[in-house]
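[1] Mind folding the following:
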Amino acid sequence: MSPREIVDEMMKGDAFSQWLGVDILETSKGSCKLKCRVRNEMLNGHQIAHGGITYSLSDSALAFAANAHGMKCVSIETSISHVNPVFVEDLLRVESTEVYRGKTIGIYSVSIYNQENKIVSRFKGTVHISEKSW
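    Residues are numbered from 1 along each chain as shown. From the prediction side, this is the model:
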């Protein structure tokens, strides 16, 4: 399967990424670019996007980039820094890049930018690479 076919297959069963409104811009082995429009129901009590929104977008981009190699991967450790606030109607661009890929471990960096190309979050994720192929 091609990287795009793998990601499309993953998206079919990924109800949460569908709820987020993830739009896949491009994907290749070890990288993925997504976009998402922030909706009212994604806001917290401060009227900014809940931190779980950028975390979840980053986690999805990590999964798509890691799995695009053709082997099934799951995250084993992640962290995020929320750099700038995200507001309703912001159009977010999510970019996941492979930093390292070994036999059983992969490390990825994910950055999210708003429509003004301003960084809103930085995410680091480590995945376990299984022996199961897509």
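
[2] list the contacts for the closest residue in space to Arg122 that isn't next to it in sequence?
    The spatial neighbour of Arg122 that comes closest, neighbours along the chain excluded (C-beta to C-beta, 6 or more residues apart in numbering), is Ser81 at 4.8 Å. Using the backbone N, CA and C atoms, a C-beta is placed for each residue, glycine as well. For Ser81, the contact set (C-beta atoms under 8 Å, 6 or more residues apart in numbering) comprises 121-123.

[3] Same question for Leu91.
    35-38, 114-115.

[4] Generate a PyMOL selection restricted to the buried entries among the residues you listed.
    Buried residues among the contacts of Leu91 (16 or more other C-beta atoms under 10 Å), as a PyMOL selection:
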select buried, resi 35+36+38+114
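
[5] Relative to Glu98, which of the contacts of Leu91 is nearest.
    Lys35 (19.8 Å; C-beta to C-beta).

[6] Now do the strands in this protein.
    For the chain, the strands defined by DSSP state E occupy 23-28, 31-37, 71-82, 91-101, 105-113, 119-133.

[7] could you dump those strands to JSON lines with mean pLDDT?
    As requested, these are arranged in JSON lines below (pLDDT from 0 to 100):
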{"stretch": "strand 23-28", "mean pLDDT": "97"}
{"stretch": "strand 31-37", "mean pLDDT": "98"}
{"stretch": "strand 71-82", "mean pLDDT": "98"}
{"stretch": "strand 91-101", "mean pLDDT": "98"}
{"stretch": "strand 105-113", "mean pLDDT": "98"}
{"stretch": "strand 119-133", "mean pLDDT": "98"}
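
[8] want to throw the ones you listed into a markdown table with distance to Ser56?
    Putting the strands of the chain into a markdown table (distance: least, C-beta to C-beta, whole Å) gives the following:
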| stretch | distance to Ser56 |
| --- | --- |
| strand 23-28 | 15 |
| strand 31-37 | 9 |
| strand 71-82 | 10 |
| strand 91-101 | 10 |
| strand 105-113 | 11 |
| strand 119-133 | 10 |
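
[9] what's the closest residue to Asn84 other than its chain neighbours in contact with, if anything?
    Excluding the flanking residues, the one nearest Asn84 by C-beta to C-beta, 6+ apart is Val120, at 4.7 Å. Contact analysis of Val120 by C-beta under 8 Å, 6+ apart lists 54, 82-86, 90, 92, 112-114.
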